[in-house]
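Participant: Whatever this is, show me its structure:
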Amino acid sequence: FEIIDTSAVQFENLSEFSEEFTWNFGDGSTSMEEHPIHVFSMPNLYNTSLLSSNTCGVDSTSLNVAIIDAGVLTSDNERFSLYPNPVEECIHWKSDFIVEQVELRSLAGEILFQEKLEPITKSGKLDLPELPIGVYVFCLINSDKRFCAKVLSTR
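Facilitator: Coordinates of the predicted model:
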């Protein structure tokens, strides 16, 4: 596996001749993708496993993954919600404060999208149809503060 950031992990299937794959991430989530990306929502030790099969039989392997930090960039994250995360084509957001601007940045800090909201609001939707697979930082900004969280794109 490869750690993408503090809570997102790219799993790599190394089985040979397999036709079906079932990943169990140890947090109640599963995937049937061959090489899935999974975001863990909270710090913990997760016992992950892969069950691979073909017409000749089934094989399995497991690995413990330690997530030290859930990946939230601000302690004020309870003041807004983002969904879905991982992102596919759009992200919806809702806050308990007035938002004047939204931003999407790379982990390196490069601004990929920035919009001043007219009128200012407490909820919205951001279309991201061409966003490559990766981890990004989504920020809601008002005159007092910037509230940010990491988001994962799986497209």
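Participant: Go through stretch 27-41 and flag the buried ones.
Facilitator: 27, 31, 36, 37, 38, 39, 40 (16 or more other C-beta atoms under 10 Å). In this view, the C-beta of every residue, glycine as well, is placed from N, C-alpha and C.
Participant: what's in contact with that stretch?
Facilitator: 4, 7-13, 20-25, 44, 46, 65, 67, 70-71, 85-86, 133, 152, 154 (C-beta atoms under 8 Å, 6 or more residues apart in numbering).
Participant: at 6 Å what do you get?
Facilitator: Stretch 27-41 is contacted from outside by 7-13, 21-25, 46, 67, 152, 154, using C-beta atoms under 6 Å, 6 or more residues apart in numbering.
Participant: In which helix or strand does residue 45 reside?
Facilitator: Per DSSP states H and E, residue 45 falls inside strand 44-54.
Participant: Direction included, what does that strand pair up with?
Facilitator: Here strand 44-54 has these sheet partners by DSSP bridges: strand 20-24 (antiparallel), strand 57-67 (antiparallel).
Participant: Contacts made by the longest one with the rest, please.
Facilitator: If I follow you right, that is strand 57-67. 7, 40, 43, 44, 45, 46, 47, 48, 49, 50, 51, 52.
Participant: Need the residues you listed in TSV (columns: pLDDT and distance to residue 114).
Facilitator: Shown next, in TSV, are the contacts of strand 57-67 (pLDDT from 0 to 100; distance: C-beta to C-beta, whole Å):
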residue	pLDDT	distance to residue 114
7	66	24
40	80	29
43	67	31
44	71	34
45	73	38
46	82	35
47	87	41
48	92	36
49	94	41
50	95	40
51	95	44
52	95	43
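Participant: okay, these in TSV with distance to residue 90 next?
Facilitator: Output for the contacts of strand 57-67, formatted as TSV (distance: C-beta to C-beta, whole Å):
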residue	distance to residue 90
7	21
40	23
43	28
44	29
45	33
46	28
47	33
48	29
49	32
50	30
51	32
52	33
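Participant: Greatest separation within the residues you listed: which pair is it?
Facilitator: 43 and 52 (28.5 Å; C-beta to C-beta).
Participant: More neighbours: which of those two?
Facilitator: The neighbour count for residue 43 versus residue 52, taken as other C-beta atoms under 10 Å, is higher for residue 52 (21 against 14).
Participant: my guess is that one meets residue 14, correct?
Facilitator: No - the pair residue 52 / residue 14 is not scored as a contact, 9.4 Å apart, by C-beta atoms under 6 Å.
Participant: Please report the distance of the spatially closest residue to residue 134 that is not a sequence neighbour from residue 101.
Facilitator: In space, and not counting its chain neighbours, residue 134 is closest to residue 153: 5.7 Å by C-beta to C-beta, 6 or more residues apart in numbering. Residue 153 is 21 Å from residue 101, where distance means C-beta to C-beta, to the nearest Å.
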